[in-house]
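S.K.: Here's my sequence, what's the structure:
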Amino acid sequence: MNLQQSLSEHDSKIFLENLTEYLPIIFFETDSELKLKYSNNIGFITFGYDIYDLENGINILDLISKENHKTAIQNIKILISNRNYNGNEYTGIKKNGETFPIFVFSIAQFLDDKFSGIQGIVIDLSFHTDLNEKIKKSEEKFRSIFESSPLGIGIVEFSTQRLIDANESFASMLGYSKDEILNLKIGDITHPDDFENEVKTVTSVKGEVETLVFEKRYLKKNGEIVWGRIHLNPKNLSIGETEQYLGIIENITEHKLAQFELTSSKIRYKHLAESIKDVFFSFDNDFYFTYWNRQADRLYGKNYKEVIHKHKNEIFPELNGSELDEFYSTVMKTGKPGTFITQTTLNNKEQYFEVNAHPYEKGLSVFLKDITERILAEKKIKASEEELKKLNASKDKFFSIVAHDLRSPFHGLIGISDILLEEFDELDRKSIREYLTSINKTTKNLFKLIENLLSWSRLQTGKIEYHPENIDLYEAILYSVNLLTPYASNKKITIVNNIAKETLVFGDEKMIVSVLENLLSNAIKFSYPNSKIEIDCLHNEREIQISVKDYGVGLSDEEMGLLFKLDSGFSTIGTNNEKGTGFGLLICKDMIEKMGGKIFANSKKNEGSIFTFMLNKNGD
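M.R.: Presented below is the predicted three-dimensional model:
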């Protein structure tokens, strides 16, 4: 029986069509009039059509929203003209009229140098929509905090010093409406004697310090002066290519006027000390109390008679040797005013205070301002910013994979399949086997990438169900070892399971098995032939520590720093040129953390690696 009798072009095409049915991506092919000739089963399921619809004729433009038709036609013309491939986003439309976002990757086909149709894939981008919804909610949360803050908040464009956003608190502080203040620059609302110094200060420390605090005079709409204490982040908050910084502004006019009055008039000293809202007390040069106002009485529960003429360490023994104690001493020695932020617990409530110390000839005056509300607002804003960064990183990583990691293998598959179809009669059996082997390896790697990508996306969107229970760890490891033994046998690698029978661990069985399979698969990939892999555990009354150790290529310190990071894209080649997806360890980390555990690694180059994860022994 010759080659032509054993294999035919029809057989090869059937093989490729069967192959596409096992991938969770839509494959399609059209004729020269853009009518569908073929789609795998997931295409019919996704768009809601059946095989009879295909026989009646479905134009691919019928599967795209009418708003996208003009763009799609232009892209198809470019595709045919350039005889190349391209990828584009459209709004897909199902048979029932429901719309959803899709990504289409396509390539033009030619027969006898004449356009004969299009081949391509379609990816459902609903996951992208879910991420955008999360980002939207996070932005709404940020906006709620921004608008409801009792403190003034403004966002300034660095290059123009233009105020591009401000809350109502800041606008009303200066007597403007929100619309009015957004048409102004910082110089328009700052006392001219303070503006130049502010610009120099912010510019000089830009990107070097976490938080910059300074005071200045603002000009109200009616010309009155308002004193403000500004807290801003000079590392800036970048939106696209625009550098911006966010400032939180306290109205300290009353506080500032009180300080001026105290230093300018001894006669009114006691009256002002008692009328201000801040806690105020003073020391002599040996740190004995010389004054203690009523606000201090209320805060500390100690009256004037209990405190006056006593040493600070007698009244506050916990102060001795603390950072606040050192701050007082430094201000006293240098003779320069200073500001210090301190945290304390009073009446079982966590509070933050800004301590302003002003030295004078006979001692030290101290003002304590309760800034708990401001600090909590800053923490909420910072947490909201971090959440936005994480969600954007997830979104960017997803599109990076769609644009790069998926495109390359599909391009290779299309190229090899074209060779098989066009040169089928000239190829011998050995060549065909080599091409099919290449297709097999590529589709397996591609399927693993898509499988990991879908698992990771479900973890990010909370769509993986979590069912914790007591699991027999020995049986879970035995199952994973048996599954991967053929892979290990190909490299003559022995897997040693040192876990005792009936060792229990608390977690989700599917997640634990998935983690074990990922770690063992990596260990096999990076182990040398004729070596071994050891699985061990340590445990106490509450936790169990499971480790997978190999004696393979190991990792450098620099490579170790890239592990478990979403934006690193770290992946290396195995000892038999095995390719990885870069997602396995990320999935392990997310699953272990979902089960309340943690995962870490130790490795030395050319000596091997140990990957360890910790879980609870029971559900208590």
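
S.K.: is it true that residue 258 touches residue 276?
M.R.: Yes - under the criterion of Cβ atoms under 8 Å, residue 258 makes contact with residue 276 at 4.4 Å. Using the backbone N, CA and C atoms, a C-beta is placed for each residue, glycine as well.

S.K.: so where is the stretch 251-400 of the chain shaky, pLDDT-wise?
M.R.: For the stretch 251-400 of the chain, residues meeting the criterion pLDDT under 70 lie at 261-275, 391, 394-395, 397-400.

S.K.: What segments of it are strands?
M.R.: Assigned strands in the stretch 251-400 of the chain, in chain order: 279-284, 289-292, 338-346, 349-360, 363-370 (criterion: DSSP state E, counting those that start in this stretch).

S.K.: of those strands, which approaches residue 41 most closely?
M.R.: Closest to residue 41 of the strands of the stretch 251-400 of the chain is strand 349-360 (Cβ to Cβ; 58.5 Å).

S.K.: Flag every buried residue along stretch 173-188.
M.R.: Across stretch 173-188, burial judged by 16 or more other Cβ atoms under 10 Å covers 173-174, 176, 181, 184, 186.

S.K.: So what's the residue count around the residue nearest to residue 523 when sequence neighbours are not counted?
M.R.: Excluding the flanking residues, the one nearest residue 523 by Cβ to Cβ, 6 or more residues apart in numbering is residue 550, at 4.0 Å. By other Cβ atoms under 10 Å, 27 other residues sit near residue 550.

S.K.: now swap in residue 499 and tell me
M.R.: Based on other Cβ under 10 Å, the number of other residues close to residue 499 is 19.

S.K.: dump the residue contacts of it.
M.R.: Each residue near residue 499 by Cβ atoms under 8 Å, 6 or more residues apart in numbering is listed here: 473-474, 477, 535-537, 546.

S.K.: Please repeat the previous calculation with a cut-off of 10 Å.
M.R.: 472-478, 505, 535-537, 544, 546 (Cβ atoms under 10 Å, 6 or more residues apart in numbering).

S.K.: Please flag which of those sit within strands.
M.R.: Mapping the contacts of residue 499 onto strands (DSSP state E) picks out 472, 505, 535-537, 544, 546.

S.K.: Write the ChimeraX selection for whichever of those residues are buried.
M.R.: Buried residues among those (16+ other Cβ under 10 Å), as a ChimeraX selection:
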select :472,505,535,537,544,546
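
S.K.: Could you export the ones in strands among the contacts of residue 499 to CSV, including columns for pLDDT and distance to residue 585?
M.R.: Shown next, in CSV, are these (pLDDT from 0 to 100; distance: Cβ to Cβ, whole Å):
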residue, pLDDT, distance to residue 585
472, 92, 25
505, 92, 20
535, 95, 17
536, 95, 20
537, 93, 20
544, 94, 20
546, 94, 15
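
S.K.: and which of the ones in strands among the contacts of residue 499 is nearest to residue 368?
M.R.: Residue 368 lies nearest to residue 544 out of those, by Cβ to Cβ, at 49.1 Å.

S.K.: who does the closest one bridge with?
M.R.: Under DSSP bridges, the beta-bridge partners of residue 544 are residue 539, residue 615.

S.K.: Next one: it from residue 470, what distance?
M.R.: 11 Å (Cβ to Cβ, to the nearest Å).

S.K.: any residues in contact with both of the two?
M.R.: Joint contacts of residue 544 and residue 470 (Cβ under 10 Å, 6+ apart) are 504-507, 617-618.

S.K.: can you give me the strands in the stretch 1-150 of the chain?
M.R.: Applying DSSP E, counting those that start in this stretch to the stretch 1-150 of the chain gives strands spanning 26-30, 36-39, 85-93, 99-111, 114-124.

S.K.: With adjacent residues omitted, what lies nearest to residue 187?
M.R.: Residue 187's closest residue in space is residue 195 (Cβ to Cβ, 6+ apart), at 5.1 Å.

S.K.: and that neighbour, how many neighbours does it have?
M.R.: 19.

S.K.: Please identify which helix or strand holds it.
M.R.: Using DSSP states H and E, residue 195 sits in helix 192-205.

S.K.: can you list the strands of the stretch 251-400 of the chain in CSV and add distance to residue 331 and mean neighbour count?
M.R.: Listed next are the strands of the stretch 251-400 of the chain as CSV, based on distance: least, Cβ to Cβ, whole Å; neighbours: other Cβ atoms under 10 Å:
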stretch, distance to residue 331, mean neighbour count
strand 279-284, 10, 20
strand 289-292, 16, 20
strand 338-346, 5, 13
strand 349-360, 4, 17
strand 363-370, 6, 20
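
S.K.: quick one: the helices in the stretch 451-600 of the chain?
M.R.: With DSSP state H, counting those that start in this stretch as the criterion, the stretch 451-600 of the chain has helices at 473-490, 509-525, 557-560, 584-594.

S.K.: just checking, what packs against the last one?
M.R.: The one in question is helix 584-594. helix 429-460, strand 504-508, helix 509-525, strand 598-604, strand 608-616 (3 or more Cβ pairs under 10 Å, 6 or more residues apart in numbering; DSSP states H and E).

S.K.: That one to strand 598-604, inter-axis angle?
M.R.: Inter-element angle recorded for helix 584-594 and strand 598-604: 140 degrees (by axes from the mean of the first three to the mean of the last three Cα atoms, to 10 degrees).

S.K.: in helix 584-594, what's buried?
M.R.: Neighbour-count burial for helix 584-594, with 16+ other Cβ under 10 Å as criterion, is recorded at 584-592, 594.

S.K.: Tell me which two in those residues are the farthest apart.
M.R.: For the buried residues of helix 584-594, and using Cβ to Cβ, no pair is farther apart than 584 and 594, which are 15.8 Å apart.

S.K.: Please name the residues that touch the closest residue to residue 86 other than its chain neighbours.
M.R.: Leaving aside its chain neighbours, residue 86 sits nearest to residue 79 (5.7 Å; criterion: Cβ to Cβ, 6+ apart). Residues near residue 79 by Cβ under 10 Å, 6+ apart: 85-86, 88, 106-108, 115, 118, 120.

S.K.: Quick check: the gap between residue 79 and residue 277.
M.R.: 71 Å.

S.K.: Isn't residue 431 up against residue 416?
M.R.: No - Residue 431 is not in contact with residue 416 according to Cβ atoms under 10 Å; the separation is 11.1 Å.

S.K.: The two: which is more packed in?
M.R.: Taking other Cβ under 10 Å, residue 431 and residue 416 do not tie; residue 416 has more neighbours (17 against 13).

S.K.: so for the host helix or strand of that one, what's the average pLDDT?
M.R.: Element membership for residue 416 (DSSP H and E) is helix 407-422. In this model, helix 407-422 has a mean pLDDT of 73.

S.K.: swap in stretch 198-210?
M.R.: On average, stretch 198-210 scores 73.

S.K.: Repeat that for stretch 605-620.
M.R.: The model assigns stretch 605-620 a mean pLDDT of 87.

S.K.: Only the buried residues of that stretch, if you could.
M.R.: Those would be 608-617, for stretch 605-620 by 16+ other Cβ under 10 Å.

S.K.: Report the secondary structure state of residue 172.
M.R.: helix (DSSP: H, G, I helix; E, B strand; the rest coil).

S.K.: what's the burial count for it?
M.R.: By other Cβ under 10 Å, the residues close to residue 172 number 14.

S.K.: contacting residues around it?
M.R.: Contacts of residue 172 by Cβ under 10 Å, 6+ apart are 152, 178, 181, 251.

S.K.: Many thanks, I have nothing further to ask.
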